[in-house]
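*Asks:* What follows is a protein structure lacking sequence information:
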């Protein structure tokens, strides 16, 4: 069974940091790109960062560039999202997802995790 399991969300003050983890089960991690998306109440799901598991290329949304870092440990089938200098506008449910190629379009992603809540207080 294919599964993506996120962890690491929580409540943090503005300026703080969190590290999210996305563990993948049931598929060959190296063949996929992994993306982190987020969705705040009343807003559309947006791409935050993505990584190609084959060559490690990374891509970031302008809103998080310089603050967030995506990385992968292929041996552990896990992708991480390190989030620094968090802002209240980063508050959202964060999802990881797997696709055959890098994309910002959530419809390109085949598998999704259940999401983890990140709340940044001012």
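*Replies:* Nice, thanks for sending it over. From a predicted model like this one, the values you see are computed outputs, not experimental measurements.
*Asks:* strands paired with whichever strand or helix holds residue 5, and their directions?
*Replies:* According to DSSP states H and E, residue 5 maps onto strand 3-7. Looking at strand 3-7 with DSSP bridges, its paired strands and their directions are strand 18-25 (antiparallel).
*Asks:* quick one: stretch 98-113 to chain centroid distance?
*Replies:* 11 Å (CA atoms, centre = their mean, to the nearest Å).
*Asks:* Any buried residues in that stretch, and which?
*Replies:* For stretch 98-113, burial by neighbour count (16 or more other CB atoms under 10 Å) applies to 98, 99, 102, 103, 106, 109, 111, 112, 113. (C-beta placed from N, C-alpha, C; glycine too.)
*Asks:* residues making contact with that stretch?
*Replies:* Stretch 98-113 is contacted by residues 2-6, 22, 24, 27, 31-35, 37, 45, 47, 50, 52, 57, 59, 61, 95-97 when judged by CB atoms under 8 Å, 6 or more residues apart in numbering.
*Asks:* For the buried ones among these, write the corresponding PyMOL selection.
*Replies:* Restricted to buried positions by 16+ other CB under 10 Å, the PyMOL selection for these reads:
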select buried, resi 4+6+22+24+27+32+33+34+35+37+47+50+52+59+61+95+96+97
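*Asks:* Can you list which of the contacts of stretch 98-113 are found in strands?
*Replies:* 3-6, 22, 24, 33-35, 37, 47, 50, 52, 59, 95-97 (DSSP state E).
*Asks:* Wait, residue 12 touches residue 85, no?
*Replies:* No - in this structure residue 12 lies outside contact range of residue 85 using CB atoms under 8 Å: 10.8 Å.
*Asks:* Could you find which two of the buried residues of stretch 98-113 are furthest from each other?
*Replies:* Pairwise distances across those (CB to CB) peak at 17.9 Å, for the pair 102 and 113.
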